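Colleague: Sequence and predicted structure below; questions after.
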Amino acid sequence: MNLLLWGVLPYLTIAVLVGGTVWRYRHDRFGWTTRSSQLHESRLLRVGGPLFHFGLLFVVGGHVAGLLVPASVTRWFGVADETYHLASLTAGGLTGAATVAGLGVLLLRRWRTPAVRAATTRDDRLMYPVLVGTLLLGMVTTLVTNGMGGGYDYRATVSPWFRGVLLLQPDPALMADVPLSYRLHVLFGMALFTLWPFSRLVHAFSAPVRYLVRPYIVYRSRDDRLAARPARRGWEDR
Amino acid sequence: MRVMAQLAMVMNLDKCIGCHTCSVTCKQTWTNRSGVEYAWFNNVETKPGQGYPRRYEDQDRWHGGWKLRRGRLELASGGRLRRVLSLFANPDLPRLDDYYEPWTYDYRNLTEAPLGDDTPVARPVSAVTGAPTDVRWGPNWEDSLGGAPEHAPADPVVEKLGRDIKFSYEQSFMFYLPRICEHCLNPSCVASCPSGAMYKRSEDGIVLVDQDRCRGWRMCVSGCPYKKVYFNHKTGKAEKCTFCYPRLEVGQPTVCAETCVGRLRYIGVLLYDADRVGEAAATEDEQRLYQAQLGVFLDPRDPGVVAAAERAGIPHDWLTAARRSPVYDLIVKHRIALPLHPEYRTMPMVWYVPPLSPVVDAVAGSGFDGEDADNLFGAIDALRIPLDYLAGLFTAGDPEPVRLALRRLAAMRSHMRSVNLGEPPDPHGPAAVGMTAETTEELYRLLAIAKYEDRYVIPTAGIGRAHELEGIATKCSLDTDGGPGMGDGGTGTGEGRTDLFVWREGERPAGMFPTVGRKS
Ligand code: SF4
Ligand code: SF4
């Protein structure tokens, strides 16, 4: 069981994430979009959108730092474990709270605005609960387990396990005694990454970084394939 | 010098009767799909009026187009970083209500309502949510000055004039302004697109959205000062006027031009120097932008230009077309066509012959002869309000180019009247406005006779590829599921459909009369 959850499942997730993204890019570029609903409602979006997205960017940054940077490195830099714990707790707590609040506003908006609600598709209905679950469990790990519960050093268990998975040397035993909240958070996260390529979340992969450096005006030569292309699927089916 | 070719349009506003045929045929061709119910690639608005979407000309609010920052061009909505940071909630995006909430009617109630004392009615329902709705605004709500006393003072051009304009029916002036995408030389929509999905075609200057690359960041919608990019709320992609490129590629005019009842649209090639566009768009004085844009256009008869054009790979038939271009004549030679809002600095390429009719109407309305050149010249100088309004629309407020264009139109009228009546030529005639009898008559042929082959001089996409092109004349390359120009997703066959646009006289299109057969 342990082996299945912490030794096999992660690789299945990665396979689906990578394979699904490649598949989507090759077969459904037309469906690859943010599917913004700002046209229908922008008052709540202007609060929730930036709160959620910027919060999430910091949360992702925090995960990168916490999971990929070994404790020995921060110690070598002279950061005491207590300091690190406090910093990750405050930063994680604050940005996590912003993200959850932002998502709360966005979901309220999706629920209450008839036009936005009508624009909600099947894959949204599946993806949003998983996203909410992942975020809330993440908050539980940070605030309850790690904060009120007196601190839990995930850098001794979860982080090495994660690095092991990436380095193709998974050690499921590391996850055996990790608190339930952490394990659930990781499982929800894996579910989220499995849904990623097939939901609106793909738009994260097309963050327009190139825009900052490209020339303003884009010229392109007429398409060589003048004849009609075969029809591709859109996302109108709910 | 880098010569580039652009397909441009000129519309002669005097002839527009506001019939909306162009809008309807355009809609039937491109936007009769869910997701773009509210989008009109071609719309006709009554001026003065707020336009569509409401008050789109108010760039203090919408931040469309370009502005100068320390002498350099920058998007009016801010620098690149600032724009990337506002991706999650675009502060300048119009709401659906700024266009209008699209609606349809609950027709089913007419047949399915239970028997009762009252006649059943078809109530309006929102095309977005399907819920019953009240129709409170539409794409041409202010048609022919409807509600003008209430709405027209909020016209941004009127506001800028800062003068008290009367909007009661008798005292006002009005004209129709048909609008499509301007296919600008310096398109701010393209510059706004974070994913690089929008582009200007290097062969003909048509500005398009690559539906496969668009990621729905909706920056182009707010970046265009004319609000001519629309967000398809079903597919999550931006869509815009395509200048009917599948038609132009085979030498046919756009649908709006082809079906225009007033026959007032002209399409032709303009050559321009791409290297000078940026500099011209950065002209300090707004009121010089019109002249600056004229300075970018190249004379297709100049041997130096022709040589440079050939070096740049512009095909021979495009150069021939450029020399016969009605658009070049109206814009450069006769100087009677003007750009719409040059102060947005996008270098728009759909130009307008300003309407003389408000002046003629005013003269005639006061009991004088509205065709007499003296009266018209006097009125063009005396009637400040229509003139200043037109200047606010076409030259960033400089009345001189508008005055010249109107005087030339007036001189043409009176000259042709004397010719037709066999009178001696009018002393105020052509010479007074810097024209000759010959050029005046040429202008008359272009504007008044307006033969089909004179209005549209459109070179095709390439003779060497004529075989491939046959395909798209009947099947559009955007004919994909959910895409613009979506057909009926492969169920329809080419033979079964009849296309009136390609129906030439004396021919019977295949499939016009379907053969009756057994139902399979
Ligand atoms: S008018 Fe057309 S080309 Fe110009 S900025 Fe707007 S959408 Fe772009
Ligand atoms: S079809 Fe022609 S005359 Fe009618 S509204 Fe359009 S531009 Fe004007």
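Modeller: All right, it came through fine. Owing to the predicted nature of the structure, the values given are computational and were not obtained by experimental measurement. Ligands and ions are numbered 1, 2, ... in the order given.

Colleague: Nearest residue to residue B:273 in space, please, no chain neighbours.
Modeller: residue B:1 (5.2 Å; CB to CB, 6 or more residues apart in numbering or on different chains). In this view, the C-beta of every residue, glycine as well, is placed from N, C-alpha and C.

Colleague: Hmm, the one you found is touching residue B:307, no?
Modeller: No - using CB atoms under 8 Å, residue B:1 is not in contact with residue B:307, being 10.0 Å away.

Colleague: Could you measure from the residue nearest to residue B:273 over to chain A?
Modeller: Counting by CB to the nearest CB, to the nearest Å, the separation of residue B:1 from chain A is 16 Å.

Colleague: residues from chain B in reach of ligand 1?
Modeller: B:181-184, B:187-189, B:207, B:224, B:226, B:228-229, B:240, B:346 (CB under 6 Å from any ligand atom).

Colleague: Would you convert those into TSV that also reports secondary structure?
Modeller: Below are the residues of chain B next to ligand 1 laid out as TSV (DSSP: H, G, I helix; E, B strand; the rest coil):
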residue	secondary structure
B:181	coil
B:182	coil
B:183	coil
B:184	coil
B:187	coil
B:188	helix
B:189	helix
B:207	strand
B:224	coil
B:226	coil
B:228	coil
B:229	strand
B:240	strand
B:346	coil
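
Colleague: Reformat these into JSON lines and put distance to residue A:112 next to each item.
Modeller: JSON lines is the format used below for the residues of chain B next to ligand 1 (distance: CB to CB, whole Å):
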{"residue": "B:181", "distance to residue A:112": "35"}
{"residue": "B:182", "distance to residue A:112": "38"}
{"residue": "B:183", "distance to residue A:112": "40"}
{"residue": "B:184", "distance to residue A:112": "39"}
{"residue": "B:187", "distance to residue A:112": "37"}
{"residue": "B:188", "distance to residue A:112": "34"}
{"residue": "B:189", "distance to residue A:112": "32"}
{"residue": "B:207", "distance to residue A:112": "37"}
{"residue": "B:224", "distance to residue A:112": "31"}
{"residue": "B:226", "distance to residue A:112": "33"}
{"residue": "B:228", "distance to residue A:112": "32"}
{"residue": "B:229", "distance to residue A:112": "28"}
{"residue": "B:240", "distance to residue A:112": "31"}
{"residue": "B:346", "distance to residue A:112": "38"}
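
Colleague: closest to residue B:433 among the residues you listed?
Modeller: residue B:182 (27.6 Å; CB to CB).

Colleague: what's the closest non-adjacent residue to the closest one?
Modeller: For residue B:182, the closest residue by CB to CB, 6+ apart turns out to be residue B:348, at 3.4 Å.

Colleague: Which pLDDT value goes with that neighbour?
Modeller: Here, the pLDDT recorded for residue B:348 equals 98.

Colleague: Same question for residue A:144.
Modeller: 90.

Colleague: Pick out the residue of the stretch 351-500 of chain B closest to ligand 2.
Modeller: Closest residue of the stretch 351-500 of chain B to ligand 2, CB to the nearest ligand atom: residue B:352 (10.8 Å).

Colleague: you'd agree residue B:238 is in a helix?
Modeller: No - counting by three-state DSSP, residue B:238 is not found in a helix; it is strand.

Colleague: just for the stretch 301-450 of chain B, where's the confidence low?
Modeller: In the predicted model of the stretch 301-450 of chain B, residues B:426-428 satisfy pLDDT under 70.

Colleague: Contact residues of chain B facing ligand 2?
Modeller: Residues of chain B lying near ligand 2 (CB under 6 Å from any ligand atom): B:16-22, B:44, B:176, B:178, B:260-262, B:264.

Colleague: for the one residue in chain A that gets nearest to ligand 2, what are its contacts?
Modeller: Residue of chain A nearest ligand 2, by CB to the nearest ligand atom: residue A:39 (26.4 Å). Residues near residue A:39 by CB atoms under 8 Å, 6 or more residues apart in numbering or on different chains: B:93, B:94, B:95, B:96, B:218, B:231, B:233.

Colleague: just residue B:361 next, same as before
Modeller: Residue B:361 neighbours (CB under 8 Å, 6+ apart): B:173, B:370.

Colleague: Now it: which helix or strand?
Modeller: helix B:357-365 (DSSP states H and E).

Colleague: Dump the helix or strand just after that helix to CSV, restricted to CA.
Modeller: The helix or strand immediately downstream of helix B:357-365 is helix B:373-382, counting by DSSP H and E. Output in CSV follows, covering the C-alpha atoms of helix B:373-382 (Å, rounded to 0.1, in the frame of the first residue of the first chain):
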residue,chain,number,x,y,z
ALA,B,373,-21.3,76.5,-54.4
ASP,B,374,-21.4,80.0,-53.0
ASN,B,375,-23.9,78.9,-50.4
LEU,B,376,-22.1,75.7,-49.6
PHE,B,377,-18.6,77.4,-49.3
GLY,B,378,-20.1,80.0,-47.0
ALA,B,379,-21.8,77.4,-44.9
ILE,B,380,-18.7,75.2,-44.7
ASP,B,381,-17.0,78.2,-43.1
ALA,B,382,-19.9,79.4,-41.0
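
Colleague: Pull out the buried positions in the helix or strand following helix B:373-382.
Modeller: Next helix or strand after helix B:373-382 toward the C-terminus (DSSP H and E): helix B:384-394. Neighbour-count burial for helix B:384-394, counted by 16 or more other CB atoms under 10 Å in any protein chain shown, picks out B:385, B:386, B:387, B:388, B:389, B:390, B:391, B:392, B:393, B:394.

Colleague: distance between helix B:384-394 and the chain's centre?
Modeller: 19 Å (CA atoms, centre = their mean, to the nearest Å).
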